[in-house]
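Visitor: Below are the sequence and a predicted model for it; my questions follow.
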Amino acid sequence: MKASLALAAVTGAFLAAPDAFAPLLRPFAPAGGPVIYDRASLAGLAAAHLLLVLLALVPSALLGVGMAVWVTRPGQERVLPLARAVVNFGQTLPPVAVLAICVPIFGFGAVPTLIALFLYGLLPIFESALAGLGAVPAPARTAAEGMGLTPVERLLRVELPLAAPLILEGLRLSAVIALSTATIGSTVAARTLGEVIIAGINVMNLACVLQGGLLTAALALLIHAGFGALADAARLGGRR
């Protein structure tokens, strides 16, 4: 936790005042070239990057968890192969291929990247939700039925709370994958930190490459830690 807080503080400080870190990055910049990326606000790019991930993660979570709930209802086991085929589709095509398919249809911008991230995030969420719902103890289900809870009440008050830790683990994995993968969205004009990396590569400026790469890594680590804390809280709540 202390390491995560320290990382959050350093990341926030860099986004708020990147010029203060110029002496550390100067050895990696070419002679006469800019040390800090100045074509756009780094804080603005980071915010746009995180927003893109959020907009892709929410529908992935709704569809992935929804399908897991569907296939774990009594009598619906037969649709599990179909559900798995749907979520596996997003893994059969690499994100770059999805962008190549979507750009001619939707044009340049954030939409092709959102589609790629949405498809790529389905599998971890679905499988973790499926495992979590399948691991709900039978005595808990029996007790809920004995209390007279309806199927919807059992799902909302018993099954989902007990499955929450594993569901959150799936969300954590999907969010980290999406955050890392979103950088390629800048190749099709989406606003992400990949813009900084690509600009650095184009002009052979390692300082810019480091800024984009390290910021992306820091945000991924912070999201990983945040979802981990939520999963731990959910486990504690489940035991109670």
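Guide: Ah, there it is.
Visitor: what residues are up against residue 84?
Guide: Residues near residue 84 by C-beta atoms under 8 Å, 6 or more residues apart in numbering: residue 126. Heads up, the C-betas are built off the backbone N, CA and C, glycines and all.
Visitor: which SSE is it in?
Guide: In the assignment (DSSP states H and E), residue 84 maps to helix 80-92.
Visitor: Next, the angle from the strand or helix carrying residue 126 to helix 80-92.
Guide: Per DSSP H and E: residue 126 is located in helix 110-134. Between the axes of helix 110-134 and helix 80-92, defined by axes from the mean of the first three to the mean of the last three C-alpha atoms, to 10 degrees, the angle is 140 degrees.
Visitor: residue ranges of the helices in this structure, please?
Guide: In the chain, helices defined by DSSP state H lie at 2-16, 22-25, 42-71, 80-92, 95-106, 110-134, 138-146, 151-154, 160-181, 194-202, 206-239, listed in chain order.
Visitor: For those helices, please prepare CSV with the additional fields distance to residue 36.
Guide: Formatted as CSV, the entries for the helices of the chain read as follows, by distance: least, C-beta to C-beta, whole Å:
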stretch, distance to residue 36
helix 2-16, 10
helix 22-25, 6
helix 42-71, 8
helix 80-92, 36
helix 95-106, 28
helix 110-134, 25
helix 138-146, 54
helix 151-154, 54
helix 160-181, 22
helix 194-202, 10
helix 206-239, 7
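Visitor: ok, now which ones touch the spatially closest residue to residue 198 that is not a sequence neighbour?
Guide: Computed as C-beta to C-beta, 6 or more residues apart in numbering, the closest residue to residue 198 that is not its neighbour in sequence is residue 186, at 5.5 Å. Residues near residue 186 by C-beta under 8 Å, 6+ apart: 192, 193, 194, 195, 197, 198.
Visitor: which among those gets closest to residue 207?
Guide: Proximity of the contacts of residue 186 to residue 207 was ranked by C-beta to C-beta; the top entry is residue 197 with 11.4 Å.
Visitor: Tell me if I'm right that that closest one and residue 210 touch.
Guide: No - when contacts are counted by C-beta atoms under 8 Å, residue 197 is not listed as touching residue 210 (9.0 Å).
Visitor: more crowded one of these two?
Guide: A count of neighbours by other C-beta atoms under 10 Å puts residue 197 above the other of residue 197 and residue 210, at 22 against 17.
Visitor: now the residue most central in space within the chain, nearest residue through space, not along the chain?
Guide: For the chain, the residue nearest the mean C-alpha position is residue 175 (1.3 Å; C-alpha atoms, centre = their mean). Once its chain neighbours are removed from consideration, residue 175 has its nearest residue in residue 223; the separation is 5.1 Å (C-beta to C-beta, 6+ apart).
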